[in-house]
Every structure is written in C-alpha cells, then in structure tokens.
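**Student:** Predicted model follows, preceded by the sequence.
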Amino acid sequence: MLSRLVLGFSFFMSALMAAPVTATEDEQLTQTVFELERSVAILQLSKANLDDYQTMHSKVVSLESRVSFLGNVTFLLCVGLVIVFFQLHRQKKRFLFLEERLESRSLEKTQQKIS
C-alpha cells in the first residue's frame, strides 16, 4: 500500500520536475496527468488502513528524532569551533606578548653587556 503511495508521489514529482514545453497541448496533457496522479494518490490514501498510518507515523517520529539529534550535534560542533577559535586567538595574543617581553629583556641584557 505504501509502495503505491510512494509510486504515486514519485509520478507527481516527476510531472512537476518535467521541463516545460511551449505547446498548449502538452501543457494540457501534463495538467491532466497531474490531476489523474493526484486523484490516484488521494484514492490510495483513503484506502490505507490504520496500520499503514501507524507505520508512517513511527517512521516520521524516528526520522524526526534523527534530524533533531543531527541538528543538536551540528550546533554543538559550531559552538565548539567558536570556542576553539576564541582560545586560539587568546593564545596568539599571549604568545605575541611573551615574545615581545622576551625580546625586550634580551635587548636590555645586550645593552647592559655593552655598557
């Protein structure tokens, strides 16, 4: 039953994705095919039993939980990257400060040796 529904939906999507033709007869034919496929899909949905709906619901719920999990993981990865780049920036500033301090000390020592 679900396979017929998926097949009907695929025909529906293929009709939508087909390249538009300028001839009016082709447009009328495409519209007729679209309406027929839509009618078939509605008919198949009306004939579906409760088990089909429950199966589709459980699949939608599992897909929803996967998408939610992947969204959370993506968000956490982005936050982690922001934190890492912030820490890297702070370390770079600290390193430059220490390097300048070391250079100034070495200059002071060389000047003391010269004098």
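**Tutor:** Everything's here; your move. Please read all numbers here as calculations on a predicted model, not as lab measurements. Residues are numbered from 1 along each chain as shown.

**Student:** need the helix or strand of the protein with the lowest average pLDDT.
**Tutor:** One helix or strand of the chain scores below all others by mean pLDDT, DSSP states H and E: helix 2-17, with a mean of 57.

**Student:** Secondary structure element holding R105?
**Tutor:** helix 50-114 (DSSP states H and E).

**Student:** now for that helix, which elements pack on it?
**Tutor:** helix 2-17 (3 or more Cβ pairs under 8 Å, 6 or more residues apart in numbering; DSSP states H and E). From N, CA and C alone the C-beta is placed, and that goes for glycine too.

**Student:** What are the buried residues along the helix or strand just after the helix it packs on?
**Tutor:** Downstream of helix 2-17, the first helix or strand assigned by DSSP H and E is helix 24-47. Going by neighbour count (16 or more other Cβ atoms under 10 Å), the buried part of helix 24-47 is 37, 40-41, 44.

**Student:** Quick one, grab the pLDDT at the residue nearest to the spatial centre of the chain.
**Tutor:** Centroid-nearest residue in the chain: G71, 8.1 Å away (criterion: Cα atoms, centre = their mean). Looking at G71, its pLDDT is 93.

**Student:** Please report how far it lies from S65.
**Tutor:** 11 Å (Cβ to Cβ, to the nearest Å).

**Student:** just to revisit the earlier point, for L88, state which of the buried residues of helix 24-47 is nearest.
**Tutor:** Nearest to L88 among those is A41, at 53.9 Å by Cβ to Cβ.

**Student:** for the chain, what are the low-confidence residue spans?
**Tutor:** Where the chain drops to pLDDT under 70, the residues are 1-23, 48, 115.

**Student:** repeat that for 90
**Tutor:** Low-confidence regions of the chain, defined by pLDDT under 90, span residues 1-30, 39-57, 65-66, 106-115.

**Student:** Which members of the buried residues of helix 24-47 are the farthest-apart pair?
**Tutor:** Every pair of these checked by Cβ to Cβ; the farthest is E37 and Q44, at 10.5 Å.

**Student:** picking up where we left off before, quick one: which of the buried residues of helix 24-47 is nearest L76?
**Tutor:** Set against L76, the nearest of the buried residues of helix 24-47 by Cβ to Cβ is A41 (39.4 Å).
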